[in-house]
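Q: pasting the sequence and the predicted model now:
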Amino acid sequence: MTDSKYFTTTKKGEIFELKSELNSDKKEKKKEAVKKVIASMTVGKDVSALFPDVVNCMQTDNLELKKLVYLYLMNYAKSQPDMAIMAVNTFVKDCEDSNPLIRALAVRTMGCIRVDKITEYLCEPLRKCLKDEDPYVRKTAAVCVAKLYDISPSMVEDQGFLDQLKDLLSDSNPMVVANAVAALSEINEASVSGHPLVEMNAPTINKLLTALNECTEWGQVFILDALSNYCPRDSREAHSICERITPRLAHANAAVVLSAVKVLMKLMEMLSDETELVSTLSRKLAPPLVTLLSAEPEVQYVALRNINLVVQKRPEILKHEMKVFFVKYNDPIYVKLEKLDIMIRLASQANIAQVLGELKEYATEVDVDFVRKAVRAIGRCAIKVEPSAERCVSTLLELIQTKVNYVVQEAIVVIKDIFRKYPNKYESIISTLCENLDTLDEPEARASMVWIVGEYAERIDNADELLDSFLEGFHDENAQVQLQLLTAVVKLFLKRPADTQELVQHVLSLATQDSDNPDLRDRGFIYWRLLSTDPAAAKEVVLADKPLISEETDLLEPTLLDELICHISSLASVYHKPPTAFVEGRAAGVRKSLPARGVGGVEDSLPQPTVIPNQESLIGDLLSMDIGGSSATNAAGGAAAPPPASNLDLLAGGLDVLLGGTEPTPAPSTTGLLGDIFGVAAPPASFVPIKQCWLPADKGKGLEIWGTFSRQGGQPRMEMTLTNKAMQPMTGFAIQLNKNSFGVYPAGALSVGAVGAGARADAPLPLATGGPVQRMDPLNNLQVAVKNNIDVFYFACLIPAHVLFTEDGQLDKRVFLTTWKEIPAANEVQHTISGVVGTADTIAHKMSLNNIFTIAKRNVEGQDMLYQSLKLTNNIWVLLELKLQPGNPEATLSLKSRTVEVATCVFQAYEAILKS
């Protein structure tokens, strides 16, 4: 008879009967009683009253009975902590049992019982089990350390369990190594400091690679994840690791394959793209990724989301595998949509004919969402692959002829984008589009059609009639359509003023007097003022040439993509969001990123701009500098700063207005109405702090250095004054900066000649960013070495953060709002500034001179709120909200950033600028 019988008894007085059976002298009866207790516990009955009786059953040699009792203990120990202490002696005794299964079971159960009183007794048995002769016990004990760390981190560190765990990485048994790696990874994730607990080095990596071939599939996943966090010393070591990991690509388990892909993608960044190994690895990565698409739909979806990242980073890997992404009739919709997305990313001139043929077929499917996406995909192909644009437009026209409503509407939306990409090329089809005007009922399609009519009004004879028909139900239209109608009618008026004056007055009246949408009203007033004051200027503004739209409008931002590549085979790669966006309590500053691409080796490459490494030996670096070298050497090896890359998702569309705010009022101008509207004014210089004594004469052997920092012409500068208070002339000046948080280094040599006794010389030094990076404390600390014919002198100074604010730090309203929402609340810091003088407008103007840009301003309950953005030279974006109370000298500054460590520097910069 099976164990199902234990779940069928529901008679009265059962607890009393079980109690007597648990105290029976017969072993079989005891075991049966414990099984009944576990069955009752499983179905939700409260059997905690039997705790002492069940604990008495622990004293047995029967492994099955012991497992059942331990299961009961894990469930009820928390509610009966005092009673659970009774079991401690048995646990300790079982940890020294001759049977390794019992030893492992005891230490595992003690780790699972999350009761402080029992935790105290766990240390000694755990220490013994970590050194047990049996590998099964050791691997169980390794996981137990991670469980103990979750309960009491300080105990694990104080008792030296971390060191024992690190020793297990050298264990002879591969499963012990895998569990030790898993435990250390989990502890590392939970660590408050965010610093790695184990310094991965070549010998450790070699041991992990050796264990990789022999452990179970999940052990391999843990080891591969650990390997992905290691940065090889040079390209030769990266090459060696790649060769040893490549066989994992043939594994049957999808998790192992994706983990291996993650490690290889990271290591490929360290190798030059010209090397044969990179092309070989690219060829080897394709088959395993393709194989994943033959699994069940759920695995396919996860694989496709990861492949999407791989294709964005390295499209050459799957450029010949287009056919495997063609949609099958029985694919679930979520798989179809992902395949479609990857097809567009892989589309090229070589395969566009195949892709278009497929997309045309998909556009006749029955699934409406899929058809919509297919039609949009045709438009994306036209924009991405220029030679195919004509074929794509013909295909879209064929689809419009089908007169299927949702197909027509999607086609019009994408044709609008094609017109933007290829102006004055396909306008002959406008008449066909106008025939379908009456069938459009979706806001996006109507807005697109209105844009087309307004943009090409001079080519459409009855453009005024078409737009007038939209105005009949103006107030019932979506805000998106209303805005387009307003702009289109103004365009029509500027192109054909004679016969459209009434129409433009009508639409301006509707937008400014009858509308309660602030965005629409503001745009209406601007147009009205422009047209009434200077129609010629209005023409320049409204009919200005539009920038061509980009080929790929939905690519992930490069820094985010690099971070997600480091999280392949995790939830982050499925959500396409960093872990900080959806994991509560995750340390905000701990971010993974791909290493910079090496040319000759890893040492030659600069670090990622947004990652600030930990501070190590600082003075050692400074002492080892070649200060007497050439100017190229002085400029951090002459390394050029990498091109700036945004940390923000710039794809946030669809928001009508930012926080209900208005544009900030610019400073007064003397350039007339257009100057008032667009803030055209000659800005004064940015804030420069007063000079401070960096090196006193008594420490510089007569050399005294006063200095400050400024920003001129988009470049930070050190402004120094050197005074010779010695009795002899000083010559042969050279300067070097230590590695620092922002990669600042001299952009040239120190241009100072001989300084005679008692003389003084100004020494301006232009600075560049993008040099070697090392985290300093405080973050803006800069260590400097100055050499002359007398000696080498060392001093430290603080770089004011505002000289590192770049001129391209102004965000679009919608991007600002989207990003503010995406950054978790844990990444928000507040600061109070006292002694603030001036109005919100004068403050906004003052900040803009220092590259702190005001995105919007609004007034809430008498408080002025300024929403501002700035960007540091290492591509860290900072979003800010400044609350000002008129007449109150105190202001509240809220800061949000994906890298909140910069908050203190930014707050100091605000204080200095506002009080200047």
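A: Here it is on my side, so go on.
Q: please look at residue 514 and residue 475 and confirm they touch.
A: Yes - under the criterion of CB atoms under 8 Å, residue 514 lies in contact with residue 475, with a separation of 6.8 Å. Heads up, the C-betas are built off the backbone N, CA and C, glycines and all.
Q: dihedrals phi and psi, residue 873?
A: Dihedral pair for residue 873: phi -60, psi -20, per degrees, to the nearest 10.
Q: helices of the stretch 501-650 of the chain, start to end?
A: In the stretch 501-650 of the chain, helices defined by DSSP state H, counting those that start in this stretch lie at 501-512, 518-533, 535-542, 558-565, 571-575, 618-623, 631-634, listed in chain order.
Q: pipe those into JSON lines and attach distance to residue 201 and mean pLDDT per row.
A: Supplementary listing: the helices of the stretch 501-650 of the chain in JSON lines, determined by distance: least, CB to CB, whole Å; pLDDT from 0 to 100:
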{"stretch": "helix 501-512", "distance to residue 201": "67", "mean pLDDT": "87"}
{"stretch": "helix 518-533", "distance to residue 201": "58", "mean pLDDT": "89"}
{"stretch": "helix 535-542", "distance to residue 201": "62", "mean pLDDT": "85"}
{"stretch": "helix 558-565", "distance to residue 201": "24", "mean pLDDT": "86"}
{"stretch": "helix 571-575", "distance to residue 201": "27", "mean pLDDT": "91"}
{"stretch": "helix 618-623", "distance to residue 201": "19", "mean pLDDT": "40"}
{"stretch": "helix 631-634", "distance to residue 201": "30", "mean pLDDT": "36"}
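Q: for residue 877, which of those is the nearest?
A: Comparing these by their distance to residue 877 (CB to CB), the top pick is helix 558-565, with 9.8 Å.
Q: how far is the closest one from where the chain is centred?
A: In this view, helix 558-565 has its centroid 7 Å away from the chain centroid, taken as CA atoms, centre = their mean, to the nearest Å.
Q: which SS state does the nearest residue to residue 710 once chain neighbours are set aside fall under?
A: Sequence neighbours aside, residue 688 is the residue nearest to residue 710 in space, at 4.5 Å (criterion: CB to CB, 6 or more residues apart in numbering). State at residue 688, reduced to three classes by DSSP: H, G, I helix; E, B strand; the rest coil: coil.
Q: run through the residues that contact residue 688.
A: Listed by CB atoms under 8 Å, 6 or more residues apart in numbering, the contact set of residue 688 reads 708-710, 719.
Q: closest one to residue 139 out of these, please.
A: Checking those against residue 139 with CB to CB, the nearest one is residue 709 at 55.7 Å.
Q: could you dump the helix or strand hosting that closest one to CSV, C-alpha only?
A: Using DSSP states H and E, residue 709 maps to strand 703-712. Below are the C-alpha coordinates for strand 703-712, written out as CSV (Å, rounded to 0.1, in the frame of the first residue of the first chain):
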residue,chain,number,x,y,z
LEU,A,703,58.0,76.2,-3.8
GLU,A,704,54.5,77.4,-3.0
ILE,A,705,51.5,76.4,-5.2
TRP,A,706,48.1,78.1,-5.1
GLY,A,707,45.4,76.8,-7.4
THR,A,708,41.8,76.3,-8.4
PHE,A,709,39.8,74.6,-11.2
SER,A,710,37.7,76.0,-14.0
ARG,A,711,35.9,74.9,-17.1
GLN,A,712,36.6,76.7,-20.4
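Q: that one pairs with which strands?
A: As defined by DSSP bridges, the strand partners of strand 703-712 come to strand 692-695 (antiparallel), strand 715-724 (antiparallel).
Q: tabulate those (CSV), appending mean neighbour count, distance to residue 314 and mean pLDDT.
A: Converted to CSV, the strands paired with strand 703-712 look like this (neighbours: other CB atoms under 10 Å; distance: least, CB to CB, whole Å; pLDDT from 0 to 100):
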stretch, mean neighbour count, distance to residue 314, mean pLDDT
strand 692-695, 17, 47, 92
strand 715-724, 20, 34, 92
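Q: nearest to residue 581, out of those?
A: For these, proximity to residue 581 was assessed by CB to CB; strand 715-724 is nearest, at 32.2 Å.
Q: ok, now how distant is residue 54 from residue 321?
A: Note on residue 54: its distance to residue 321, by CB to CB, to the nearest Å, is 59 Å.
Q: between these two, which one's more packed in?
A: In terms of neighbours (other CB atoms under 10 Å), residue 54 is the more surrounded of residue 54 and residue 321; the figures are 27 against 17.
Q: I'd guess that one is in a helix, am I close?
A: Yes - using three-state DSSP, the assignment for residue 54 is a helix.
Q: for the remainder of this discussion, apply numbering that starts at 463.
A: Got it, the first residue is 463 from now on, which makes the last one we talked about residue 516.
Q: that one reaches residue 499, doesn't it?
A: Yes - with contact defined as CB under 8 Å, residue 516 and residue 499 form a contacting pair (6.2 Å).
Q: which residues are common contacts for these two?
A: Taking CB under 8 Å, 6+ apart as the contact criterion, the residues that touch both residue 516 and residue 499 are 484, 534.
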